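Student: the following comprises the amino acid sequence and a computationally predicted model.
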Amino acid sequence: MSKVLIIGAGGVGGVVVHKCSQVPDVFTNIVLASRTPSKCEKIKQQILKRRSANIETAGVDADKTPEVVALIKKHNPKLVINTALPYQDLTIMDACLETGVDYLDTANYEPPGEAKFEYKWQWAYQNKFKERGIMALLGCGFDPGVTNIFCAHAQKNHFDSIRTVDIIDCNAGNHGHAFATNFNPEINIREVTAKGKYWDKGKWVETEPMALHKTFEAPELGPMEIYLMYHEELESLCRNLKGLERIRFWMSFSQNYLTHLKVLQNVGMTGIDPIDFQGQKIIPLQFLKALLPDPASLGPRTKGKTNIGCIIEGVKDGKAKELYVYNVCDHEDAYKETDHQAISYTTGVPAFIGAMMMLQGKWKGQGVFNVEQLNPDPFMGELLVRGLPWIETVSFDT
Ligand code: NDP
């Protein structure tokens, strides 16, 4: 018997509930709670149309630890899966500490008033989780998440030492809107308007937003223009990969997306400081979010594929070696299976697999973990059969 509590009924939460309901022998009971209870109920009804499942729904404001504590005490889950926003990470972790329940999330904490994500806030919980005898698994989506697992797999099964890693996230999906973001617009725009940063020989090198770019031939997608960005997995991977000299993260953007973003930035619509508007304080980025299409509504209209993977160079048995490991996910196939497009799917499936690893005891520990610190093999095996098959190509320098 394993009951899970999933907090956050957006695109990612929806996929997690769908996938958990496909494995009832592990996820015997599911509680889905979010700020807007009707969104939980909608997901529940979508699933019940496909199969029977033990799903309960509830309302919760996860910014308030006592509300989350009360919800956990009422339902007594084995694990809390956080698919709300990064702003709720610490309040939910506090509730897990108080109740002694394991925790999993897909994005690292970011203070609402400062567009800066860093693991320091969550890593600071290491001793508290250890002393309480519970486990927190951080960043178990695709990137971060599967990209970290790909690196752990490379380190364990392919290399004696890894020299460089390039994580490449390409999306050739088309939703037909002039401008929309594929996941929460506020989080997405904060991320892409930040300065770029990569790790090189023990130091962080900062770049202007979107300043470094190149064309990448993505398998099954074709040529994609990819841009160097800072991304949270760089912070943990540069600590956890042996011999690493350089790690960078690249993401594809269409010219149309970048032009819209530039105009929005130029007129101040992406700002996070409150402004006065007709006697009220509003945050421009939150107002913009209210105007943009809800990412969950993109599912039925998005066509095309994503390709996310890692190009890893290093040394094996004294020889220079390169590994390219990636997954291709089709937006329409993801929608057919889970009522959500591939960005939510590629995030929700790894969160579900991570939860399964923890509930089955294949991943266990006391304290706070990034996914690359755990055995990648069972997770890589599950990816193959749970909707995110990966492909790898290897070449040796002769
Ligand atoms: P959505 O905005 O679609 O969903 C977020 C959900 O959380 C909404 O249902 C929202 O409720 C709920 N929520 C927000 N605040 C609270 C609160 N205080 N209490 C309770 N519920 C709350 O986002 P996504 O599903 O697209 O993304 C979810 C998470 O996944 C984000 O943290 C995002 O950063 C992460 N992510 C990770 C990726 C990865 O690969 N690692 C990739 C993509 C996303 P309401 O509907 O009422 O607003």
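Tutor: Perfect, I can see it now.
Student: what does the stretch 1-150 of the chain put close to the ligand?
Tutor: Within reach of the ligand by CB under 6 Å from any ligand atom, the stretch 1-150 of the chain has these residues: 7-13, 34-36, 39, 60-63, 83-86, 88, 106-107, 139, 141-145. (C-beta placed from N, C-alpha, C; glycine too.)
Student: please spell out the PyMOL selection for the buried subset of the residues you listed.
Tutor: PyMOL command restricting these to the buried ones, with burial defined by 16 or more other CB atoms under 10 Å:
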select buried, resi 7+8+9+10+11+12+13+34+35+39+60+62+63+83+84+85+86+88+106+107+139+141+142+143+144+145
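Student: where do the helices sit along the protein?
Tutor: 11-21, 37-50, 65-75, 89-99, 120-123, 126-132, 146-157, 185-192, 233-240, 255-266, 284-291, 331-338, 342-359, 376-385 (DSSP state H).
Student: least confident of the ones you listed, on average?
Tutor: When the helices of the chain are ranked by mean pLDDT, helix 185-192 comes last with a mean of 83.
Student: other residues contacting stretch 51-60?
Tutor: With CB atoms under 8 Å, 6 or more residues apart in numbering as the test, stretch 51-60 has contacts from 7, 17, 21-22, 24, 28-37, 40-41, 44, 47-48, 67-68, 71, 75.
Student: apply 6 Å and report the result again.
Tutor: 21, 29-33, 37, 40-41, 44, 47, 67, 71 (CB atoms under 6 Å, 6 or more residues apart in numbering).
Student: buried residues in stretch 370-389, which are they?
Tutor: Within stretch 370-389, judged by 16+ other CB under 10 Å, the buried ones are 370-374, 376, 379-380, 382-383, 386-388.
Student: so can I have TSV of those residues showing distance to Asp160?
Tutor: What follows is the buried residues of stretch 370-389, written out as TSV (distance: CB to CB, whole Å):
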residue	distance to Asp160
Asn370	22
Val371	22
Glu372	17
Gln373	19
Leu374	21
Pro376	17
Phe379	22
Met380	19
Glu382	27
Leu383	25
Arg386	30
Gly387	32
Leu388	28
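Student: for those, give me CSV that also has distance to the ligand.
Tutor: Shown next, in CSV, are those (distance: CB to the nearest ligand atom, whole Å):
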residue, distance to the ligand
Asn370, 12
Val371, 10
Glu372, 13
Gln373, 16
Leu374, 16
Pro376, 16
Phe379, 14
Met380, 17
Glu382, 16
Leu383, 14
Arg386, 16
Gly387, 15
Leu388, 11
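Student: residues of the stretch 151-300 of the chain that sit close to the ligand?
Tutor: So the stretch 151-300 of the chain meets the ligand at Phe183, Asn184, Ile187, Pro295, Ala296 (CB under 6 Å from any ligand atom).
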